[in-house]
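Visitor: Quick check, what structure comes out for this input:
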Amino acid sequence: MRRVVLGLGVLIVIGATAPARAQDPCAGNTRFLVGSGLADITGPAAELGMMGYARLDQKTAGIHQRLRSRAFVFVSPCNGRRVAFVSADLAFITQAVKQEVVRRLGATYGPLYADANVLLSATHTHSGPGGFSHYALYNLTVLGFDRQNFEVIADGIYRSIARAHDGLVEGTVKLAQGELLDASVNRSPAAYLRNPPDERARFSSDVDPTMTLLRLEGVNGEEIGAVNWFAVHGTSMGNRNLLISGDNKGYASYLFEKLKGTRYTAARTFASAFAQGAEGDVSPNVFGGTDGGGADDFESTALSGEKQFMKALELYDAATVPLAGGVDYRHAHVKMDALACPAAIGVSMLAGAEDGPGFGAEGFTCREVSNLWRLFVCETTTTACQGAKPIVLETGTTKPFPWTPEVLPVQIVRIGDLALVAVPYESTTMAGRRLLATVREKLAPAGVHHFVIAGLANAYSGYVTTREEYAAQHYEGASTHFGPRTLATYRRAFGRLAAALGDGRPVPPGPAPRDLSCCQTTLQTGVLFDDKPLGKRFGSLYRDARPSYGRGEAVRVTFWGGHPKNDPMTERSYLQVERRTDDAWIAVASDSDWDTKYSWQRNNCFPTLACSHVTVEWAIPQDAEPGTYRIRHDGHWKSGWDGGVRPYSGTSREFAVR
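Guide: Numbers count the residues shown, from 1 in each chain. Predicted coordinates:
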């Protein structure tokens with residue numbers, strides 16, 4: 001730029017250009033501070049509705065595997081910035097959970113962690129307890145807000161971040177990418193085919209088969225953790241399952257962590273997150289509908305989880321290229337109903353998707369809705385804004401508060417030359433591709449080479465489809481709350497974030513979301529008291545083990561027990577499989593393990609109708625060490641006299657494993 005003074009104070013600027021980007025102090029940097037943390041977020045294991053399939057009759061009745069929050073903290077000393085990324089075994093992250101986690105972090109660390117640099121995402125399991133939102137639609141089929149589950153989730157996520165923070169060490173973050181081709185299918189191919197042919201021709205598949213993995217290790221070679229992103233629904237476990245499960249991603253994490261010797265009760269240990277991507281129209285049921293290829297839901301979950309685990313392990317072992325650059329982020333809130341449409345859901349949302357059938361079928365009529373869900377008022381027409389959507393409920397205009405959030409967070413996190421695009425919704429494959437194209441255009445000139453959708457992050461607002469897919473009004477389009485302009489609105493918002501991040505500029509924070517912690521209602525009931533038959537104690541045997549078993553057989557033991565809501569046994573276990581050594585009993589499995597099941601069932605014993613049966617099942621692995629074993633059950637019972645909650649335990653007979 002050259003300045004010329006012509007006299008009389010007149011200044012002409014010749015060849016003016018935009019200000020040059022300041023020298024990046026992190027250019028070429030490959031050293032970070034990295035830490036990982038794990039915490040238990042398993043909520044009430046009995047009589048609480050599950051979140052995902054929206055079925056009133058799907059209530060928790062035990063645990064197959066515990067749910068975890070896996071946190072990773074990344075710090076770049078070159079610019080002093082840090083981010084915390086979390087992948088939690090939940091259906092989604094709610095604004096209520098994000099607000100509470102940030103509040104707890106602020107109370108501990110001051111301004112070190114805040115909305116802008118904390119990214120909470122969910123794996124999207126459909127087999128976890130619900131009731132942890134402050135918005136009515138997401139609590140509707142769970143019968144209201146559940147304080148106990150909310151506290152377990154918020155505290156667990158907070159503790160996982162705190163553990164990652166406390167375990168920070170100098171290290172590197174290495175990236176690897178590859179394709180996993182046989183683990184996902186598009187469950188709504190007819191809607192996908194409405195996208196322009198020339199756009200579809202640019203991609204080899206109607207799903208995104210890419211897995212992107214980060215390997216975290218210390219400078220001394222210590223293995224700290226791994227996190228990968230792969231788009232596939234958490235619907236290997238079907239809508240009849242009643243046991244808490246992390247579904248296919250939870251099982252994949254378990255396999256990886258078992259291989260690396262993870263200790264779930266340790267403050268510092270290896271964590272492996274299988275995080276979610278643009279899974280809105282992507283199913284693990286590769287044979288269509290609800291068929292994942294297994295003989296039952298458990299086998300289908302194992303098949304899907306094993307595929308993801310094997311690919312992740314391959315990438316982990318091959319990861320040699322370190323991320324280069326610094327840590328940075330941009331975050332804002334957007335009032336979506338002012339920029340697109342007031343939120344509403346369509347008729348086909350009630351039908352469910354192909355891998356999670358609900359009521360009727362996609363495209364069924366308003367008259368059919370009135371016979372199924374009398375609570376909803378189905379209009380025969382739509383609004384001008386919502387276009388092709390026949391509206392069943394306008395969730396954005398209910399009083400005194402909307403049933404779904406209207407102020408949503410948008411966030412981009414940069415770790416070296418990787419950008420995580422955190423979306424508060426479920427994105428279809430093509431909608432995700434278009435959004436990443438917008439972000440890539442702004443950030444590629446700033447040295448960002450890898451881009452990932454971090455799905456179901458920081459809040460939840462249904463689905464987002466392309467405009468063409470929306471017109472089909474399949475389940476995904478009917479669940480796109482803010483109408484046909486939703487994706488375009490988000491692309492503009494994320495484009496502004498990306499441009500500001502690339503140029504090093506701040507962004508306005510936008511309007512604050514609601515805090516509805518004041519105003520929650522519930523039909524949830526606690527435990528009045530527990531009872532047992534005369535002559536029995538809590539922990540007494542109802543059905544004992546056999547004297548001996550062979551490998552591959554299943555041991556089943558039933559106890560007179562207490563209600564799991566008395567104590568969620570966080571960071572502990574309702575069961576132990578114990579093997580006798582020369583001088584002690586050692587635990588070889590707990591309710592975190594795939595080979596065990598903890599089941600609870602109400603047993604209406606006379607006269608109080610307040611008895612419980614607890615059944616512990618152990619599928620003896622083929623590599624189990626021969627010897628003498630026993631099953632132990634631990635729980636809590638509530639007194640009907642003083643309301644006190646007291647621990648109890650019981651053990652089976654000793655039995656031999658041949």
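Visitor: how far out from the middle of the chain is stretch 500-510?
Guide: With C-alpha atoms, centre = their mean, to the nearest Å as the basis, stretch 500-510 stands 27 Å off its chain's centre.
Visitor: ends of that stretch, how far apart?
Guide: End-to-end distance for stretch 500-510, by C-alpha to C-alpha, to the nearest Å: 14 Å.
Visitor: Any buried residues in that stretch, and which?
Guide: By 16 or more other C-beta atoms under 10 Å, the buried positions in stretch 500-510 come out as 500, 501, 502, 507, 510. Heads up, the C-betas are built off the backbone N, CA and C, glycines and all.
Visitor: May I ask which helix or strand encompasses residue 61?
Guide: strand 59-63 (DSSP states H and E).
Visitor: Repeat that for residue 23.
Guide: Assigned by DSSP H and E, residue 23 falls outside every helix and strand.
Visitor: Which elements pack onto the helix or strand where residue 159 lies?
Guide: With secondary structure defined by DSSP H and E, residue 159 is part of helix 147-166. In terms of contacts (3 or more C-beta pairs under 8 Å, 6 or more residues apart in numbering; DSSP states H and E), helix 147-166 is packed against strand 32-40, strand 68-76, strand 81-88, helix 95-109.
Visitor: now the strand holding residue 61: mean pLDDT?
Guide: The pLDDT scores in strand 59-63 average 98.
Visitor: contacts for it?
Guide: For strand 59-63, contacts defined as C-beta atoms under 8 Å, 6 or more residues apart in numbering pick out 42-50, 129, 242-244, 564, 574, 591, 597-601, 615.
Visitor: Tell me which entries of those residues lie within strands.
Guide: Members of the contacts of strand 59-63 lying in strands (criterion: DSSP state E): 46, 47, 48, 49, 50, 129, 597, 598, 599, 600, 601, 615.
Visitor: so who does the nearest residue to the fifth one once chain neighbours are set aside touch?
Guide: What sits nearest to residue 50 in space, not counting adjacent residues and going by C-beta to C-beta, 6 or more residues apart in numbering, is residue 58, at 4.8 Å. Counting by C-beta under 8 Å, 6+ apart, residue 58 touches 49, 50, 239, 240, 241, 242.
Visitor: Buried subset of these as a PyMOL selection?
Guide: Selection command for PyMOL covering only the buried members of the contacts of residue 58, criterion 16+ other C-beta under 10 Å:
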select buried, resi 49+50+239+241+242
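Visitor: Check residue 353 and give its pLDDT.
Guide: We have a pLDDT of 86 for residue 353.
Visitor: what about it, neighbour count?
Guide: Neighbours of residue 353 under the rule other C-beta atoms under 10 Å: 24.
Visitor: distance of the residue nearest to it when sequence neighbours are not counted from residue 646?
Guide: Take residue 353 and drop its neighbours on the chain: the residue closest to it by C-beta to C-beta, 6+ apart is residue 475, 4.3 Å away. Applying C-beta to C-beta, to the nearest Å, the value for residue 475 to residue 646 is 47 Å.
Visitor: In terms of neighbours, single out the busier of these two.
Guide: Neighbour count, other C-beta under 10 Å: between residue 475 and residue 646, residue 475 has more, with 28 against 15.
Visitor: is it true that the more buried one touches residue 347?
Guide: No. If you go by C-beta atoms under 8 Å, residue 475 and residue 347 don't touch, sitting 10.1 Å apart.
Visitor: Would you tell me what the next helix or strand after the helix holding residue 159 is?
Guide: Per DSSP H and E, the first helix or strand lying C-terminal to helix 147-166 is strand 169-179.
Visitor: Show me which positions of that following strand end up buried.
Guide: Quick answer for strand 169-179 (16+ other C-beta under 10 Å): 169, 171, 172, 173, 174, 175, 176, 177, 178.
Visitor: Which strands and helices lie in contact with it?
Guide: When contacts are defined as 3+ C-beta pairs under 8 Å, 6+ apart, strand 169-179 sits against strand 32-40, strand 210-218, helix 297-318, strand 321-322.
Visitor: Direction included, what does the first one pair against?
Guide: Strand 32-40 has these partner strands in its sheet, going by DSSP bridges: strand 68-76 (antiparallel), strand 169-179 (antiparallel).
Visitor: Residues contacting the last one, please?
Guide: The list of residues contacting strand 169-179 from outside it, by C-beta under 8 Å, 6+ apart, reads 30-35, 74, 209-219, 222, 224, 311, 314-316, 318-323, 415-416, 418, 450.
Visitor: out of those, which are buried?
Guide: Among those, those scoring as buried are 32-35, 74, 209, 211-218, 224, 311, 315-316, 319, 322-323, 415-416, 418, 450 (criterion: 16+ other C-beta under 10 Å).
Visitor: Pull the distance from whichever helix or strand residue 421 is part of to the chain's centre.
Guide: Per DSSP H and E, residue 421 falls inside strand 418-422. Using C-alpha atoms, centre = their mean, the mean C-alpha position of strand 418-422 is found 16 Å from that of the whole chain.
Visitor: circling back to that earlier point, most tightly surrounded among the helices and strands packed on helix 147-166?
Guide: Across the helices and strands packed on helix 147-166, averaging neighbours per residue (mean count of other C-beta atoms under 10 Å) puts strand 68-76 on top, at a mean of 27.
Visitor: how far off helix 147-166 does that one point, in degrees?
Guide: Per axes from the mean of the first three to the mean of the last three C-alpha atoms, to 10 degrees, the angle that strand 68-76 makes with helix 147-166 is 30 degrees.
Visitor: quick one: strand 68-76 to strand 210-218, angle?
Guide: Using the same axes, to 10 degrees, strand 68-76 lies at 70 degrees relative to strand 210-218.
Visitor: Could you export stretch 174-183 as CSV, CA atoms only?
Guide: Provided in CSV are the C-alpha atoms of stretch 174-183 (Å, rounded to 0.1, in the frame of the first residue of the first chain):
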residue,chain,number,x,y,z
LYS,A,174,-1.2,-37.7,15.4
LEU,A,175,-4.0,-38.1,12.8
ALA,A,176,-4.9,-40.9,10.5
GLN,A,177,-7.9,-41.4,8.2
GLY,A,178,-9.4,-44.3,6.4
GLU,A,179,-12.6,-45.8,5.1
LEU,A,180,-14.8,-48.3,6.9
LEU,A,181,-17.1,-49.6,4.1
ASP,A,182,-19.2,-52.3,5.6
ALA,A,183,-20.5,-50.7,8.8
